[in-house]
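Novice: quick one: sequence and predicted model below, then my questions.
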Number of protein chains: 4
Amino acid sequence: MIRVSIIGATGYAGAELLRLLYNHPQVQVVHITSESYTGKKISEVYPHLRGLYDQELISMKDMDTIANDSDFVFIGLPHGHAMEVGKALADTNVRIIDLGADYRFDDTDIYEAWYKVAHTHKDAPRVYGLAELYREDIKNAKIIGNAGCYTTASILALAPLVKNEFIEPNTIIVDAKSGTSGSGRSAKQMTHYPELYDNFKAYGVATHRHTPEIEQALGHLCHRKVTLNFTPHLVPMSRGILSTCYANIKQWVTPEMIDKAYTDMYGDEYFIRLLGRGAYPSTKEVRGSNFCDIGWHIDLRTGRIIVLSAIDNLVKGAAGQAIQNFNIACGFDEKTGLDFTPIYP
Amino acid sequence: MIRVSIIGATGYAGAELLRLLYNHPQVQVVHITSESYTGKKISEVYPHLRGLYDQELISMKDMDTIANDSDFVFIGLPHGHAMEVGKALADTNVRIIDLGADYRFDDTDIYEAWYKVAHTHKDAPRVYGLAELYREDIKNAKIIGNAGCYTTASILALAPLVKNEFIEPNTIIVDAKSGTSGSGRSAKQMTHYPELYDNFKAYGVATHRHTPEIEQALGHLCHRKVTLNFTPHLVPMSRGILSTCYANIKQWVTPEMIDKAYTDMYGDEYFIRLLGRGAYPSTKEVRGSNFCDIGWHIDLRTGRIIVLSAIDNLVKGAAGQAIQNFNIACGFDEKTGLDFTPIYP
Amino acid sequence: MIRVSIIGATGYAGAELLRLLYNHPQVQVVHITSESYTGKKISEVYPHLRGLYDQELISMKDMDTIANDSDFVFIGLPHGHAMEVGKALADTNVRIIDLGADYRFDDTDIYEAWYKVAHTHKDAPRVYGLAELYREDIKNAKIIGNAGCYTTASILALAPLVKNEFIEPNTIIVDAKSGTSGSGRSAKQMTHYPELYDNFKAYGVATHRHTPEIEQALGHLCHRKVTLNFTPHLVPMSRGILSTCYANIKQWVTPEMIDKAYTDMYGDEYFIRLLGRGAYPSTKEVRGSNFCDIGWHIDLRTGRIIVLSAIDNLVKGAAGQAIQNFNIACGFDEKTGLDFTPIYP
Amino acid sequence: MIRVSIIGATGYAGAELLRLLYNHPQVQVVHITSESYTGKKISEVYPHLRGLYDQELISMKDMDTIANDSDFVFIGLPHGHAMEVGKALADTNVRIIDLGADYRFDDTDIYEAWYKVAHTHKDAPRVYGLAELYREDIKNAKIIGNAGCYTTASILALAPLVKNEFIEPNTIIVDAKSGTSGSGRSAKQMTHYPELYDNFKAYGVATHRHTPEIEQALGHLCHRKVTLNFTPHLVPMSRGILSTCYANIKQWVTPEMIDKAYTDMYGDEYFIRLLGRGAYPSTKEVRGSNFCDIGWHIDLRTGRIIVLSAIDNLVKGAAGQAIQNFNIACGFDEKTGLDFTPIYP
C-alpha cells in the first residue's frame, strides 16, 4: 500500500481525489489538510462523504508528520502555495503531484508573467503531468505538475495535428467551455446561483492562464514557439469541459492522413476515446470518468479542421489525471482505481 | 461468477445496471436485450459506454438462449411486460429481479386497479425487493419485485415511525420531488427540454401508482390498512428524489424515542445514513450512490414530525437496489459492487 | 405622475421594481438608494439596465431629500431596517410600501418571536399588503406591509377553503418550493453555484418566518387561531414558487361547493387565474408576470384536498404585488404597468 | 391599428410574437393559424397565455379570409412552407414578414444547396430583415426575410470590422452557443430533458445553414465573397445566444480605430448596447429583450480581435426583430412595443 496525503483537501479537486482514491486498491490515505477547517472531520465539510471518510483535517504546518507518514502527497492548494510544500519536501523521499500551476512550466519567467507571483522554487526537478504525452518522464519524477483542466482537453485534441505538422500552429484558436466547479469552492458574487443560472458568458479573453500552458505543450510537439488564442466560457452546470479547436490544415494533408494520425497517437490509450471524423463528443458522456472523448471535422470550404474534445474537468482535468500520473509513477496499471463508466444521464 | 442478463437494457434503469455491474466482481453480463435496437451495439445507443461495453443487443424473443445462459435476469421493461418473462422462466432455475411494478404487490387486485392492466401471473412466487425491510425473504426468492423509486425513499423514511406505532398512519402525507430520469428515455412533449427547463410542477396528484405500494409496505409494518396522500413533483434536473413526509405524532411519544427508533432500525444498515434530528438530506449528497440519507424534524407547535429522505432514483431507487437485492439473493456481501462515494459537486 | 423612490434598490426585489416601473405610465422614479453602492450608477450594479436606467444611487441617509421629492417610497431593505424608515417618514405625507416583514404583523410579539429583533414602531398605522384580501384597507393606507413570497402563494391557495370553513384549519400542511432568487443577492456558501446546481433540498423546517404570516392571514379569514406546518424547499432555478397545500375536507363539503368557492372569491380577480379542479399550475407558466395560477385536487380516498398555486416570487411574491398595492393606493387600475404576458419558454 | 395575422402561431417564435404583440399599441391580432391544433384555443396549446389570448387557431388553408382581414402576416413555419404563403399573397396588399429562411437569400441557389429543397418563389420581391443594416430597404418591402438567430448575433458583432475592412474576412471564425428553444417545440430524442440536462455539445459543424446567411450579409458589407467557419453549440438552458467571433486584424488598424468604428455604426442604435472594449456581454443581461449587447477584445500577442455578442434568440433573434422590422415597415418608432427591460435574474 502506498501511503498518500492530500495537502489542501477541502477544495473541489481535493474532494474528488477522496472520491477516486476510495476505490484505489493500492492506496491508504494517511493525512488530509485544511487551514480553514483544521480539527474538523472531512465529512463535516463534505457531508456526501459521511460514513466513508471520517478523518480529521490537520494543518499543513505539521509537515514533518506528513513527510514521515507519506510516500506521496497530492497538493490541492491555490497557485503560489505548492512551491512552499515542494521546498519543504525537497530533501525527503516523498514524491509530489501538484494539481495547481506551480510546477507546470519549464520557463518560470512565463509562470511569473501570467500568474503575477514570484517563483521561489525554480530549480525544482519537475515534469509536466499530462500522462499521454509525458509518460516516460512521469515514471521517475520527484515532482509532477499535473496538467490543467482546459489545457488537458485542448492539448489532447490538437497534439496529433501539431506533432505531425498538419496544421499551421499560429492559426490555432481554442474556444473552450467549462462547468463552474473549475472556479473553486469559495462563494463569490460571480458564482452566486441566481447570477449564473440560465446564463452563458465568456471570461478571461486573451488573458487566461491556461494559454501559455497549452502553448508550451504544443511547442514541445512541433519544436517551435506556438502562439494561439484561448477563450474560456462558463456553462451553467457543475462539471465538464468541451474544447472546440480550430486550425488551418496544410494543403498537402488529406482527411485520411488526419484520421491515421489520431489512431497512431491514441489507438492504445485507454483514457482517450476516438469517436472519429464527423463525431460529436459531449460533456455528459464523460461525466465522472477519466475519459477524454475526441471527434474532428474537416471543412473543405475553409480548409480548416475543427476538433472537439470533452472531459470531466474534475477527473481527467484534475484528480483523475493526478491518479493516472500516480499510477504511472508507482508502476501500477494506469487504470487502477479509474476503471469505471461515466454516470449517465 | 454469476451469469446475468438484462431484459430491456436500453432504458435508463438498464443503462444504470450496466454502469454498476461493470465494477461488480462476481458478475458476468451475458445477454442484453432491446426490441427497438436489436442488432445494435449498446454503445451505439449509449455512447458513454463506448470502450466499456460493446455487446450487441438481442431480442428477448430468444428467451431459451437467455434462460440457458443465465443464472439471473434483471428486467427493465415497462409494467405489464415482465409478467411474460416471469411466466416464460417459471420452470427454469433462472432467478428474476424485476425493476418494474409487476411483482411488487401481494394483492394483484390493487395492481390491476392502479395500473389498469390484467395481471396474468398471480400465483408467481415473489417477494418485495426493499432490502432493508424484506432481507430474509429476498435470500431465497425466485422472483424479486424491486421496490419503486419514490416508494423506496418514502417507506424508508417512515418505517421506524410506523413500525413502532409512533404516528397516526392515516395522517401521513408524502410530498415527493424527483429528477426527470424517472420518466424514462422516450422523448415526450412534457419532457421536451425547453418545456421542463426552469420549471417546477406537480403531477399525478392522488393518482400516482406508487401510492398503493407505499401503503402496502407501511401496512405490513403496522399490521393494518394504511391510506395516505402521495404527491410527486418534477424537479428540473436528471437524478435524485427528495421525499418530505408528514405525520401526526402520538402524544406519548418523545423526541428521544423517535431518535432511538431510527437508530435501532437502521443503525447497522450500510446504505442508510442517519443524519439525525434537525438535519437536511439533499439529493446532491447521494448522487450516483446507493445511499438513502434521512433526517427528521419534530414540530412541537403542531405535533407533527417531518421526515426528509434523499436517494438517487436510478441507484437506490432502481438499479442499485436491484444489485443490493441480487447480492442478498446470492449470499454476497450486500455492498459488493456498490461501495463507492457519491459524486459531488 | 407619482414621484416614487426606492430605498434599498440593489437587492433583487429592488431591481425587479425598476424593471416593472419602467413601463408604468404614472410613475417617475426619483431616487434610488444603496448603502453598499452609494455614488455608483444602478447600471453598474445591474448591467442588464444599461441604457434604461442610468441613475446614481444615493444613501438613505439623505432621508430629507427623499421625503421632499417623493410621494411614495418602496422599501427593499432586510427586516429590521424598514422600521427606521417608517419612523423617519411618520410625520410626512410620504406613503410607504415595505417589501420586507417589518409591517406585516398585527401582533408585534409574533414578529419579535420569529424574527428575533425588537420591533421599534409598534404603533405604526399599517395594513397587510395582499391585494386580493385586503384591498379596501390598502386604499388609504399610510404604510403597506407587502405580503411575502411563499405566503402570497399559500394564502391565495387556501383562502376560499378557510373563509368558507370547508377544511379543518389545523390539518393544513403547506409544502412549498422556491427558486433561489428569494434568498437575496449576497453570495453565500449555500448558494454557491456548484453546491446548489443539480440539487434539491428543504430548509427552515418548522422554523421558517413565513409560517406565522400565513397563520395570521388564514386566521383573519376564519376568525380563529390557525396553526399549521410550512416547509420550504430550494429548487435549482432562479424564479418561481409552487405551493402544495394539504387539508382535510369537512364531510359535508362537495367538490362542486369547492369549485364554486374559488370562483366566487376569485372570479373577478385579474391576477388570479383559476385553472380549475384537476389542473396543474407550473412556475414556468407565470414566469415574469404578476399572475397566481391555482388548481385543486380532491382525493376521495383520503378526504383531503390538495391545492397547487404558482407565482413568480419576484413579481406576485414581491415587486409586482407592491405595484399592484401601489395602484390600489393611488386609485389607478390595478393592472397598470402589470398587464403583460408571462415569458415562455 | 394594423391588422396582423400569424401563420404558424404555435411554434416558439409564434408564441413569442403573441407575447410581444400583446403590448404593441398599434396592432390588432386578427388570425392565428396552426395545422396541428386547428380549432383549439391558443391558450390550450400555451397555457401561460390563459386570460390573455383566448383566440381559436384556424387553418392556413383559409388564406382568403386571412388575406382579406390582414394588413401584415408574420410567418412562423418551417423553411420551405413560407414560399407557398408568399405566392398565395403575391397579388394582394398584404405585407409579409417571414421568420424562416425562405426569403433570406439573394441567390436562391445557395438556399437550395444548404436547405436541400427547391425554391419555388425565386422572383419574390424581398429584403433581408436585419434592421440595423437594411433599414432603408425594409421601409417599403413587400416581403421581409427576417434574419436568423445565430446570424443576427454574428453579423452585428462583425459588421463594423468588415465594413471598414479592418479584418481579413477569410480569417473569420464564429463559435456560437445557443439555448435550446432554437430547435423548436417538437419533442425529439436529442432534446429529451435528461439527455440535454447537464450537458454541453456542438452540432452542425461546417454544415449549419446559418453559415451562408452570415457570409451573405458580411459579403454585402465588404463587397466580396466571404467564406467562414460557423460552429453552433447547445447550452442547457432555454433562451439566449452568445456568439464568440474571431478574426485577424490588419496591421495598420489601431484599437482606437476599432472602438470608433463600433460607435460610428451603432452609436445611435437603440437595440445595440456597446459595452465597449474589454467587456463581457452575457445572455442573462439581454433575457426577454430585443437588445444585442456587444463587447470586443484585442489580443496584441496574436493580432486577433475577439468580439462577443449576446441576444435572446427568440426576441432579437426572431420575434422581436420581426416586430422591429414591422415598425420600420409601418413607419412607427422602431421601439414601439419593444421598449422594456430584460428580465433578471
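Specialist: Nice, thanks for sending it over.

Novice: what's the nearest residue to A:Arg104 if we skip its chain neighbours?
Specialist: A:Gly145 (4.0 Å; Cβ to Cβ, 6 or more residues apart in numbering or on different chains). Glycine gets a C-beta too; all of them are placed from N, C-alpha and C.

Novice: list the contacts for that neighbour?
Specialist: Contacts of A:Gly145 were listed using Cβ atoms under 8 Å, 6 or more residues apart in numbering or on different chains, and they are A:98, A:101-105, A:126-129.

Novice: taking these one by one, which sit in strands?
Specialist: Using DSSP state E, the members of the contacts of A:Gly145 that fall in strands are A:98, A:126-129.

Novice: and chain D, which of those contact it?
Specialist: By Cβ under 8 Å from any Cβ of the partner chain, no member of the ones in strands among the contacts of A:Gly145 lies near chain D.

Novice: dump the residues you listed into CSV; add distance to B:Thr227 and neighbour count as well.
Specialist: Shown next, in CSV, are these (distance: Cβ to Cβ, whole Å; neighbours: other Cβ atoms under 10 Å in any protein chain shown):
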residue, distance to B:Thr227, neighbour count
A:Asp98, 61, 29
A:Arg126, 68, 21
A:Val127, 67, 21
A:Tyr128, 65, 24
A:Gly129, 61, 29
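
Novice: what is the nearest of those to chain C?
Specialist: Nearest to chain C among the ones in strands among the contacts of A:Gly145 is A:Asp98, at 22.3 Å by Cβ to the nearest Cβ.

Novice: any idea how far A:Gly148 is from the closest one?
Specialist: Note on A:Asp98: its distance to A:Gly148, by Cβ to Cβ, to the nearest Å, is 11 Å.

Novice: ok, now A:Leu228?
Specialist: Separation of A:Leu228 from A:Gly148 (Cβ to Cβ): 15 Å.

Novice: please apply the same query to A:Ser183.
Specialist: Distance, A:Ser183 to A:Gly148, by Cβ to Cβ: 13 Å.

Novice: same check, this time on A:Ala318
Specialist: Taking Cβ to Cβ, one finds A:Ala318 at 8 Å from A:Gly148.

Novice: do A:Ala261 as well
Specialist: Per Cβ to Cβ, A:Ala261 is found 24 Å from A:Gly148.

Novice: counting by contacts, list what the biggest helix by length in chain A packs against.
Specialist: The longest helix of chain A (DSSP state H) is helix A:149-163. Contacts defined by 3 or more Cβ pairs under 8 Å, 6 or more residues apart in numbering or on different chains; DSSP states H and E place helix A:149-163 against helix A:131-139, strand A:173-178, helix A:210-222, strand A:229-234, strand A:241-248, helix A:255-266, strand A:292-299, strand A:304-311.

Novice: CSV for those, including mean neighbour count, distance to C:Ala176 and mean pLDDT?
Specialist: Listed next are the helices and strands packed on helix A:149-163 as CSV, based on neighbours: other Cβ atoms under 10 Å in any protein chain shown; distance: least, Cβ to Cβ, whole Å; pLDDT from 0 to 100:
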stretch, mean neighbour count, distance to C:Ala176, mean pLDDT
helix A:131-139, 18, 49, 98
strand A:173-178, 27, 34, 98
helix A:210-222, 22, 43, 98
strand A:229-234, 24, 30, 98
strand A:241-248, 25, 36, 98
helix A:255-266, 16, 51, 98
strand A:292-299, 25, 41, 98
strand A:304-311, 27, 38, 98
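
Novice: D:Gln324 is nearest to which of the ones you listed?
Specialist: Closest to D:Gln324 of the helices and strands packed on helix A:149-163, according to Cβ to Cβ: strand A:229-234, at 27.9 Å.

Novice: CA atoms only for the closest one, dumped as CSV, please.
Specialist: Provided in CSV are the C-alpha atoms of strand A:229-234 (Å, rounded to 0.1, in the frame of the first residue of the first chain):
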residue,chain,number,x,y,z
ASN,A,229,-5.9,32.3,-28.8
PHE,A,230,-7.7,30.6,-25.9
THR,A,231,-11.1,31.7,-24.8
PRO,A,232,-12.9,30.2,-21.8
HIS,A,233,-16.6,30.4,-21.2
LEU,A,234,-18.8,29.4,-18.2
